[in-house]
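K.L.:
The sequence and its predicted three-dimensional model are supplied below.
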2 protein chains.
Amino acid sequence: MSLQRLQALRALMSSQRPVLAAYIIPTADAHNSEYIDAADARREWISAFTGSAGTAVVTSSQALVWTDGRYYTQFEREVDLSAWTLMKQTLPDTPTLEKWLASNLKDGDVVGVDPQTMTRDEWTPIQTALKKISAQLVPISNNLVDDVRIELGDPAPKRSHNELAPLHVRYTGRTAGEKIAELRRKMAEKKASALVLTALDDIAYTLNLRGSDIEYNPVFFSYLIVMETNVVLYWGDGQLPPSVTDHLREEGVDSVEGKPYGDILEGLKEMARELSESGDGRHVIWLSNDANEAIHRAASGSDVLKRPIDLISEVSPVKLAKLVKNEIELQGFRNCHIKDGIAVVRFFRWLHDQIDSGEQITEVQASDKLLEFRRDEKDFMGPSFGTIAGSGANGAIIHYSPDREGQQTVIERDHMFLLDSGGQYRDGTTDITRTRHMSGNPTAEQKDAFTRVLKGQIMIGSALFPKGVKGNVLDSFARHALWEVGLDYGHGTGHGVGHYLNVHEGPSGVSWRPYPDDPGLNVGQILSNEPGFYKVGEYGIRHEDLIEIVAVDKGSDHPKAKNLRGDYDGRGVLGFSTLTLVPNQRECIDAEIMTDFEISYVNAYHRRVLDTLSPILKERGLLKDLEWLEGQCIPITRK
Amino acid sequence: MSLQRLQALRALMSSQRPVLAAYIIPTADAHNSEYIDAADARREWISAFTGSAGTAVVTSSQALVWTDGRYYTQFEREVDLSAWTLMKQTLPDTPTLEKWLASNLKDGDVVGVDPQTMTRDEWTPIQTALKKISAQLVPISNNLVDDVRIELGDPAPKRSHNELAPLHVRYTGRTAGEKIAELRRKMAEKKASALVLTALDDIAYTLNLRGSDIEYNPVFFSYLIVMETNVVLYWGDGQLPPSVTDHLREEGVDSVEGKPYGDILEGLKEMARELSESGDGRHVIWLSNDANEAIHRAASGSDVLKRPIDLISEVSPVKLAKLVKNEIELQGFRNCHIKDGIAVVRFFRWLHDQIDSGEQITEVQASDKLLEFRRDEKDFMGPSFGTIAGSGANGAIIHYSPDREGQQTVIERDHMFLLDSGGQYRDGTTDITRTRHMSGNPTAEQKDAFTRVLKGQIMIGSALFPKGVKGNVLDSFARHALWEVGLDYGHGTGHGVGHYLNVHEGPSGVSWRPYPDDPGLNVGQILSNEPGFYKVGEYGIRHEDLIEIVAVDKGSDHPKAKNLRGDYDGRGVLGFSTLTLVPNQRECIDAEIMTDFEISYVNAYHRRVLDTLSPILKERGLLKDLEWLEGQCIPITRK
């Protein structure tokens, strides 16, 4: 089937004028989203490879996918290897996509790509590499994979434009009007006549609207242009329902114009032309640097104007605004983590009970049961990502998700069980991983690894650091206890989290990888704190909390506050407060390799979990859960 | 005087065709050297500002210097503030040079710069910013400051082309012939017809020659072009003395052509033309990405060819080669650190004796005495940088160097005294900082800070980490114990060190600042390990060792080797071995805030210092020094 699809695509490439020597199929949708809707899953359809990252290149004789180490095994399982070649991009000897093109194409060759599926930052190096061999990269405005799908009678599903739900200011803390006024202040500083928002979470945040067009992410397909006096929302057929216009009016946004989602490129060209012809001097349009190439071209008017409009292409001001949560959002985060703690505690009590009494519980059944418990909580809207429930060896697969079809894995009593899950609540988003040994009898090696991962999490959780440093500088703290014995983990330590928005939110993170747009850590940011250790074929361990950045001074309620004798020469002291409220399994902690500080840190955390959750469990009459939780929170001690 | 110079420069700017609206005067010489010879000190001459970093811009009405926080006070002391404006580039509100130009110039304006004083990486963003406002950046091939100096009767001193000294293979471990053969292999991989070396230490390393054209750095003004079958050295008047040609022949480099240093740009253009006309296909020339704009233009033939030659502009293969020391170089490093340890131990014994007996010793006298002790050591060639001898408050000035003129500072008995110094030896380069309280009675606060800096140094020195990580990931380890109490230091933690070459050597380093060309840490690299703490107006503390990267496994002689139970999934385990051999002052160490591991680490280090140095002191009959050293190395304990 893959071969038939490839042949049809190659025929279409040959029929283009000029003929395409190669066609690139990136993973991205037009909004550079992390989660891709079925309507946009072109790389997946053409190659059958379902991984979340990868770029396909098709020439008349070859078909290749560049992807990273997380997906090598999966690729070889899913893809027809007689037709497709895997390019292992994390190996040093693998040429980059642009180098491969430059050495496999010849003078005059033309490479095509749908410019809506590639950011300008990706476009430019490929274009430069091709220019060097006198070949060129050209934008092909209709997507050839979409065309092939129609031709083969398997058209892409229609893009959803589901109902929009206003999110009340009691959850968001700031009205859309206030947010837009702030954007206009930033635009004035940059002398920008228009700000074009393309990232779906940027738009949902700005308008205090939520949608359901993409699984797990409460966003909606749209574009938003903010100008000095009006706002244009490209959505659906352009008819904004009264619920939306009323909401925006109530929030102080008066002049909102709706336009059809599909008209964005024409709309931008028209805007560029109008600004160019307005005669009142030079105009600047502000785009996010992750806006796609087609958006960049249209906004500059490069196809229609002799002298294109100047663009500012840098991190969107909305990304920087929503990075720092306001007090209402923070209260929501704290509150939804109490609810989420109740759900996860109830789940683990249930799971241990089931397994102890000899029931066979599969990973999928466990995930479903966890969802049931979360559904009992107020304002719960759905999972924030696909639950990773990995028993035994499955726990070592970092991007594992149990399959509902085929053979089911039972959570065995003598297994380590890794559970990474989260919820969307109207008042915030959760993301928690706990790892438990189902009989409470880990091996000495498992106990050592569990404890070292925990030491790493504590070294982050208890760290003090100067305001404004990038998240990168903290990453090694999480690895120190593992590195000491030759262990490590192959993923970052922390990501930002949206407020009832995407569970992975930029532009900050805690990793050895650079985060070029990280403006420096500041009070009110939310990060995950999730070191791990994975023994392939045996077990996986990850401890994940969400943490809130707080200012710390001598009087703060922070375990290191009393020792402070400086504030980094006026820069200010930051630390973390842990939002997640679920204990770590005592039986897996080896107090012998922990410092006094670490032991008291864990005990204080467990005390706080118990103090926070027990009144609620009592009030709801969940006395068995309460009893279980009390047992989990007994202080740990050295022998 | 500054005003007269400025007026003359402005007159010259007006007489250019086209007239220059602004002229940029960077600090760099044509080789992007860190230390600048008097012949190249143009920014210093025009502005009177002597700091090591900064860029001047002169327009018809304004004169500005962009520099960083290390130099604000110095700038205001040195510069005529009625003529010059300080642009504090580390403040967030200060516009960058290109932004300032873009908002202070107008359509059609022309900005000039000597293209030999600016790397392409600096050139491009300025050019881009100016294009946006329809202004342009143009290369002015004669340096206008040099012209003004002649006009005002104060011509720049002549550039030195001092004698070249071959460095024997018993010091270098690899012949020039072997090094060039390796470069040719790398060139073949990149299909490069020529490699143009412009960094002076790259050239000295490749040819196993040393010079003395720049203070402290044993390098010589030159350019080197490596081609498939021959090598061209641009040096002096182009006449290579027999001592040099003989040396190169002995080292397997047969066809070496000498050309005059000043002919480099013409030579490159000529080469570009020849390659372009050779008719045997496309040619590529490889430049270092820190080669200047003039070199880039000449090598591509952009002024003379219709279709310029393709350039590879990336980190030079020599930088990557000399980063990893060979076994002979490593033995030399270990050996010269023993000699340097003897000299520094003798110095501190002498200094304490003098001060204890009531002598008035100034910082300059101390520096001179230290040099005397180093001169007693075999193969000592001179200091590796200007000694930083800072007593009391002077120790808190990170780039302090005691002035020989004017009021001298006496090292007081109740002061902390910070001494950062190093030596060039034929077998290696040293760089050591020790901080001592001259009466051994630090305040509790000083003792706490001294110990926390030491804890940071130990956390780096004892770290284990995966092969291939960038030095950046280690930086926060050095700060952890300081951050815990709200303290920090405003410089990086470690820099690379050349082998009898520049004391600061790229492209790796340990810092929060990105090192884009760091290829990842590997066995055989040398780094400094130098956390600090500075209390402005009172005292400074820095502990600096040089450390060698070593592979560690379960059987290694490393304090953490025995606990290893993995090798990071095959990546390999790296750690450090400390080269520097001088004790830290026991009286300043507070064992109460150290862990058991840290205490035994310090005691093991002091044991090693004593075991290594005492036989030599004994053999030389330096028994008073030996006695003093024994006292310094008595194990520390908790109360």
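P.N.:
Alright, I've got the coordinates. Residues are numbered from 1 along each chain as shown, chains lettered A, B, ... in the order given.
K.L.:
ranges for the helices of the stretch 251-400 of chain A?
P.N.:
A:264-277, A:293-300, A:317-323, A:327-356, A:363-375 (DSSP state H, counting those that start in this stretch).
K.L.:
Remind me what the third one packs against, helices and strands.
P.N.:
The criterion is 3 or more C-beta pairs under 8 Å, 6 or more residues apart in numbering or on different chains; DSSP states H and E, and the helices and strands that helix A:317-323 contacts are helix A:176-189, helix A:200-207, strand A:505-510. In short, each C-beta sits where N, CA and C put it, glycine included.
K.L.:
List the neighbouring strands of the shortest one plus their orientation.
P.N.:
Read it as strand A:505-510. Counting by DSSP bridges, the strands paired with strand A:505-510 are strand A:494-496 (antiparallel).
K.L.:
can you give me the offset of the strand it pairs with from its chain's centre?
P.N.:
Centroid separation for strand A:494-496 versus its chain: 8 Å, with C-alpha atoms, centre = their mean, to the nearest Å.
K.L.:
swap in stretch A:347-359?
P.N.:
Distance, centroid of stretch A:347-359 to centroid of chain: 32 Å (C-alpha atoms, centre = their mean).
K.L.:
CA atoms only: put it into CSV for me.
P.N.:
Output in CSV follows, covering the C-alpha atoms of stretch A:347-359 (Å, rounded to 0.1, in the frame of the first residue of the first chain):
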residue,chain,number,x,y,z
PHE,A,347,-6.1,5.0,42.0
PHE,A,348,-3.0,3.5,43.5
ARG,A,349,-4.9,2.3,46.6
TRP,A,350,-7.3,0.6,44.2
LEU,A,351,-4.6,-0.9,42.1
HIS,A,352,-2.6,-2.3,45.0
ASP,A,353,-5.9,-3.8,46.4
GLN,A,354,-6.7,-5.4,43.1
ILE,A,355,-3.3,-6.9,42.5
ASP,A,356,-2.9,-8.0,46.2
SER,A,357,-6.2,-9.8,45.9
GLY,A,358,-5.1,-11.7,42.8
GLU,A,359,-6.9,-9.7,40.1
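K.L.:
Please work out which residues outside that stretch touch it.
P.N.:
A:361, A:366, A:369-370, A:373, A:411, A:413, A:417, A:434, A:436, A:438-439, A:582, A:624-625, A:628-629 (C-beta atoms under 8 Å, 6 or more residues apart in numbering or on different chains).
K.L.:
got the contact list for whichever residue of the stretch 151-300 of chain A sits closest to chain B?
P.N.:
Distances between the stretch 151-300 of chain A and chain B by C-beta to the nearest C-beta are smallest at residue A:282, namely 8.6 Å. Applying C-beta under 8 Å, 6+ apart, one finds that residue A:282 lies in contact with residue A:310.
K.L.:
Which strand residues bridge the residue in the stretch 301-450 of chain A positioned nearest to chain B?
P.N.:
Residue of the stretch 301-450 of chain A nearest chain B, by C-beta to the nearest C-beta: residue A:310 (6.0 Å). According to DSSP bridges, the residues that bridge with residue A:310 are residue A:284.
K.L.:
Verify the stated contact: it with residue B:132.
P.N.:
Yes: if you go by C-beta atoms under 8 Å, residue A:310 and residue B:132 touch, sitting 6.0 Å apart.
K.L.:
In three-state terms, label the residue in the stretch 351-500 of chain A positioned nearest to chain B for me.
P.N.:
Residue nearest to chain B within the stretch 351-500 of chain A (C-beta to the nearest C-beta): residue A:486, separated by 3.5 Å. Of the three states, residue A:486 takes coil under DSSP: H, G, I helix; E, B strand; the rest coil.
K.L.:
Kindly report the residues of the stretch 1-150 of chain A close to chain B.
P.N.:
residue A:132 (C-beta under 8 Å from any C-beta of the partner chain).
K.L.:
10 Å instead, please
P.N.:
A:92, A:103, A:132, A:133, A:134 (C-beta under 10 Å from any C-beta of the partner chain).
K.L.:
cool, and the stretch 301-450 of chain A?
P.N.:
Counting by C-beta under 10 Å from any C-beta, the stretch 301-450 of chain A sits next to chain B at A:307, A:310, A:311, A:445, A:448, A:449.
K.L.:
Please, which helix or strand holds the fifth one?
P.N.:
Element membership of residue A:448, judged by DSSP states H and E, is helix A:444-461.
K.L.:
is it true that residue A:32 touches residue A:293?
P.N.:
No: Residue A:32 is not in contact with residue A:293 according to C-beta atoms under 10 Å; the separation is 11.0 Å.
K.L.:
one step back: need the worst-confidence member of the residues of the stretch 301-450 of chain A next to chain B.
P.N.:
The member of these with the lowest pLDDT is residue A:307, at 81.
K.L.:
how far away is the closest residue to that residue other than its chain neighbours from residue B:95?
P.N.:
In space, and not counting its chain neighbours, residue A:307 is closest to residue A:276: 7.3 Å by C-beta to C-beta, 6 or more residues apart in numbering or on different chains. To residue B:95, residue A:276 is 27 Å away according to C-beta to C-beta, to the nearest Å.
K.L.:
Just want to know which of those two has more residues nearby.
P.N.:
residue A:276 (18 against 14; other C-beta atoms under 10 Å in any protein chain shown).
K.L.:
Identify each buried residue in stretch A:247-267, please.
P.N.:
For stretch A:247-267, a neighbour-count test (16 or more other C-beta atoms under 10 Å in any protein chain shown) marks A:247, A:248, A:251, A:253, A:256, A:258, A:259, A:261, A:264, A:265, A:267 as buried.
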